[in-house]
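J.: Fold the following and give me the result.
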Amino acid sequence: MKEDYIGIVKERVRLKEGRSVLEKILSIIYFEGNISNKELAFRCTLPIPVVTAIKKEFIRVGILEQNKGIQLTKQGVDFVDHELGFFGLDIELYKTLLDDEKQRIDLITKLSEQYAFIYENRPQVDVTIDQAKCTVNTAFRRAMLCLENQSLIGKNILCVGDDDLISVAIGLLLNELYYDKEANRKKVCVFDVDERYIQYIIVLAERYNLPIECLKIDLREPLPISYANSFDCFFTDPPYTTEGLSLFLSRGVSALKNEKGLRVFLSYGHKPIDEMKKVQEVILNLGFAITDIYNAFNEYEGASLLANVSQMMVLQSGEDIKTIVPEECKYLDKIYTGELRQKSSVYECKKCKEKIILDHNSRIRTIEQLKKEGCPNCGNKVFDLRKKQPSFLLEREKRSLSEHILADFYGCTESILKDNELIQQYMHEAAEKANATIVSEKFHTFSPWGVSGVIIIKESHLTIHTWPEYKYAAVDLFTCGDTLDLRSAMQYLEEKLGCKKMEYNDISRGLLNKL
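T.: Residues are numbered from 1 along each chain as shown. Below is the predicted model of the structure:
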């Protein structure tokens, strides 16, 4: 077993920073030879006395020697080559890429053009599990960012979900960097639930001799114990929900080595400031610090939910990283956008005019699957999209005692949201549009503005709360009946409030299969 010289020196110096700073010191000396303590301290952001102490300890363990300046011993060169992963590396190319942004961009462009067909031929996205294809250029930009953060060479890298084929981009970049493709075969590992992507990545890894290992796993299940504390960094592009973010980051933490200063590359969509505070709280509660944020770093093909772009956040592990989701527990809550904001699509068969509902509760959940299987009535495989609808607006078998509809109205007319009488009138008329039986009403105006109101109906209730300063209104419809025309009520409010964008969340209350 090889000596862990970095661990020994870290312990002797009582270094608060992680192992990565010691690796950086050795790599600088490896590439550049003798370098002054002042320059080394500047480049590693360490005090000069600490750098001096580190050098002395590396000399004591036989890695460095004082001979017309500090340099690596033969033992030190062997350690850096084989333990830090520099054996077989194109040193000049590596140094050029670290120092020259234009050279990085040129290589990204070259690899993107050379391997574009790989990304064009990947499996169709499954929108029910929040897949969205990043562009080929984005994939190689992520791989290059890993190199810039010195988390690529000699590192074990994990992709927590990989419909973006980041593992492949990393493998192809490593092939460019090494003369000897077999040298220092550290692993790139993929955890993904989608068997199609797993098989596609395996084929590519064999074809291009890439050091990729794939594991088909639903991240809601605990990770195999053999993968705990195994990786030096991880990438993740989680579902566009706080729940999905918490789960994917927690699983990554379970697999990350228990060391300070390790990197996590998190791709996540831009959200309003209050929601971003929740995202940052999740990150901080896990024990990470956000060291860099690159806005609009990731580009996607047709991902309207993300506005075709998302930000890249680089996180760094502290001493107290921990999981939010317990490592040994199965995660039971919903994590995907479609589960939390249930919407359905209605397709009509071009031949027999049969209408088919696609959503999370359907056996057939995507149009790709529907085209493959054909119309359940006549077998035809050509369909027209009628309209995407919130699931509560669709006729379906009753599965619960009641439905709780949470509706967000954005971009409303400010003057209307301040007007108590108008709000009461429109809510009253919306209840009538729904064919509800009104029992009582109560509305209140707050200072300086904002209206809250409730209409008690025989079938349950309707409520509204307005924020005129944000041009926003929140409407709840709780109904225990199945005779109300919810579509007409919601469309009426959308029109009367001057709403520019409306979003729904449909919660079934009192599930019959649990009673």
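
J.: Find me whatever residue is spatially closest to the residue in the chain sticking out farthest from the centre, sequence neighbours aside.
T.: Ranked by distance from the centre of the chain (Cα atoms, centre = their mean), the top residue is residue 68, with 50.1 Å. Excluding the flanking residues, the one nearest residue 68 by Cβ to Cβ, 6 or more residues apart in numbering is residue 34, at 7.2 Å. Using the backbone N, CA and C atoms, a C-beta is placed for each residue, glycine as well.

J.: Show me the beta-bridge partners of residue 460.
T.: Residue 460 has these beta-bridge partners by DSSP bridges: residue 457, residue 479.

J.: related to what we said a few turns ago, surely the residue nearest to residue 68 and residue 66 touch.
T.: No - using Cβ atoms under 8 Å, residue 34 makes no contact with residue 66, being 9.5 Å away.

J.: thinking again about what came up before, could you confirm the residue nearest to residue 68 falls within a strand?
T.: No - using DSSP: H, G, I helix; E, B strand; the rest coil, the assignment for residue 34 is coil, not a strand.

J.: Tell me how far it lies from residue 63.
T.: According to Cβ to Cβ, to the nearest Å, residue 34 and residue 63 sit 15 Å apart.

J.: Please say which of those two ends up with more neighbours.
T.: Taking other Cβ atoms under 10 Å, residue 34 and residue 63 do not tie; residue 63 has more neighbours (24 against 11).

J.: how about the nearest residue to that one, chain neighbours excluded?
T.: Spatially, and ignoring its direct neighbours in sequence, residue 63 is nearest to residue 76 (3.9 Å; Cβ to Cβ, 6+ apart).

J.: Tell me who's in contact with the one you found.
T.: Counting by Cβ atoms under 8 Å, 6 or more residues apart in numbering, residue 76 makes contact with 26, 58, 62-65.

J.: Tell me which of those fall in helices.
T.: 26, 58 (DSSP state H).

J.: As CSV, the contacts of residue 76 with pLDDT and distance to residue 374 would be great.
T.: Putting those into CSV (pLDDT from 0 to 100; distance: Cβ to Cβ, whole Å) gives the following:
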residue, pLDDT, distance to residue 374
26, 94, 62
58, 94, 68
62, 93, 71
63, 93, 67
64, 93, 70
65, 91, 74
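
J.: Tell me the one of the contacts of residue 76 nearest residue 133?
T.: Using Cβ to Cβ, residue 26 comes nearest to residue 133 of the contacts of residue 76, at 39.1 Å.

J.: ok but residue 328 is inside a strand, no?
T.: No - read with three-state DSSP, residue 328 is coil and lies in no strand.

J.: got the contact list for it?
T.: Contact analysis of residue 328 by Cβ under 8 Å, 6+ apart lists residue 222.

J.: again, but for residue 155
T.: 85, 186, 231-233.

J.: Within the helices and strands, which one has it?
T.: Assigned by DSSP states H and E, residue 155 falls within no helix or strand.

J.: before we move on, what about residue 490?
T.: Per DSSP H and E, residue 490 falls inside helix 486-496.

J.: Report the mean confidence score over that helix.
T.: Averaging pLDDT along helix 486-496 yields 84.

J.: got it, and stretch 345-353?
T.: On average, stretch 345-353 scores 83.

J.: That one spans what distance, first to last residue?
T.: Using Cα to Cα, to the nearest Å, the end-to-end distance of stretch 345-353 comes to 15 Å.

J.: Which residues are in contact with residue 472?
T.: Residue 472 is in contact with 408-410, 412, 417, 466, counting by Cβ under 8 Å, 6+ apart.

J.: let's see it at 10 Å
T.: 408-412, 414, 417, 465-466, 497, 499, 501 (Cβ atoms under 10 Å, 6 or more residues apart in numbering).

J.: Would you point out the most distant pair within those?
T.: Farthest-apart pair in the contacts of residue 472 is 465 and 501; separation 17.4 Å (Cβ to Cβ).

J.: The two - which one has more neighbours?
T.: Set residue 465 next to residue 501 and count neighbours by other Cβ under 10 Å: residue 465 wins out with 17 against 11.

J.: mind checking pLDDT for that one?
T.: 95.

J.: ok, now residue 428?
T.: 94.

J.: For it, give its distance to residue 90.
T.: To residue 90, residue 428 is 74 Å away according to Cβ to Cβ.
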